[in-house]
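Engineer: predicted model and sequence below, questions to follow.
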Amino acid sequence: MASFHVSSTNAVQISFRGSVQHSFLCPFTHMMAQACGYKPGDFIHTFGDAHIYSNHMEQLELQLSRKPRTLPKLTINPNKTDIFGFEFSDFTIENYNPHPHIKGAVAV
């Protein structure tokens, strides 16, 4: 479920997921704001059942020990204004410098 709060210049997305293992950033807020003629605002994500599996502790400790890096920049083709008209080629990510992959089991 997602809802949007719109001010005079910004669109803020509030998203709820009933069951979540972890969070990830989604460009949907940017896409909706652009399609509606606004600048993207905050992305607020709430969880109903956030949990960590016991066999993921080592991976989480590794992730938490890593020093944060500069965030990448998402650029979307400014000519797109139809929410259903976006294509893969409309997106570019600059300065993406991820840490190495952390392997973990899918299920307990």
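Structural biologist: Cool, the structure landed. Keep in mind that what you see is a predicted model, and the values were worked out from it rather than measured. Numbers count the residues shown, from 1 in each chain.
Engineer: C-alpha from now on. contacts and neighbour counts both.
Structural biologist: OK.
Engineer: all helices of this structure, in order?
Structural biologist: Taking DSSP state H as the criterion, the chain contains helices spanning 28-36, 57-65.
Engineer: make JSON lines from those and add distance to residue 92 to it.
Structural biologist: Conversion of the helices of the chain to JSON lines gives the following (distance: least, Cα to Cα, whole Å):
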{"stretch": "helix 28-36", "distance to residue 92": "13"}
{"stretch": "helix 57-65", "distance to residue 92": "25"}
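Engineer: so, low pLDDT: which residues of the protein?
Structural biologist: Filtered on pLDDT under 70, the chain yields the residue ranges 1-2, 4, 11-26, 107-108.
Engineer: what segments of the protein are strands?
Structural biologist: With DSSP state E as the criterion, the chain has strands at 2-6, 10-17, 39-47, 73-76, 91-94.
Engineer: pick the most deeply packed of these.
Structural biologist: Among the strands of the chain, judged by mean count of other Cα atoms under 10 Å, the one packed with the most neighbours on average is strand 10-17 (a mean of 18).
Engineer: hmm, back to that, mind putting the strands of the chain in a markdown table, distance to residue 54 included?
Structural biologist: Output for the strands of the chain, formatted as a markdown table (distance: least, Cα to Cα, whole Å):
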| stretch | distance to residue 54 |
| --- | --- |
| strand 2-6 | 30 |
| strand 10-17 | 21 |
| strand 39-47 | 19 |
| strand 73-76 | 34 |
| strand 91-94 | 34 |
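Engineer: the helices of the chain: which one's closest to residue 84?
Structural biologist: helix 28-36 (9.3 Å; Cα to Cα).
Engineer: now the closest one against strand 39-47, angle please.
Structural biologist: Taking axes from the mean of the first three to the mean of the last three Cα atoms, to 10 degrees, one finds that helix 28-36 is oriented at 140 degrees with respect to strand 39-47.
Engineer: which positions in helix 28-36 come out as buried?
Structural biologist: By neighbour count on 16 or more other Cα atoms under 10 Å, the buried set for helix 28-36 is 29-35.
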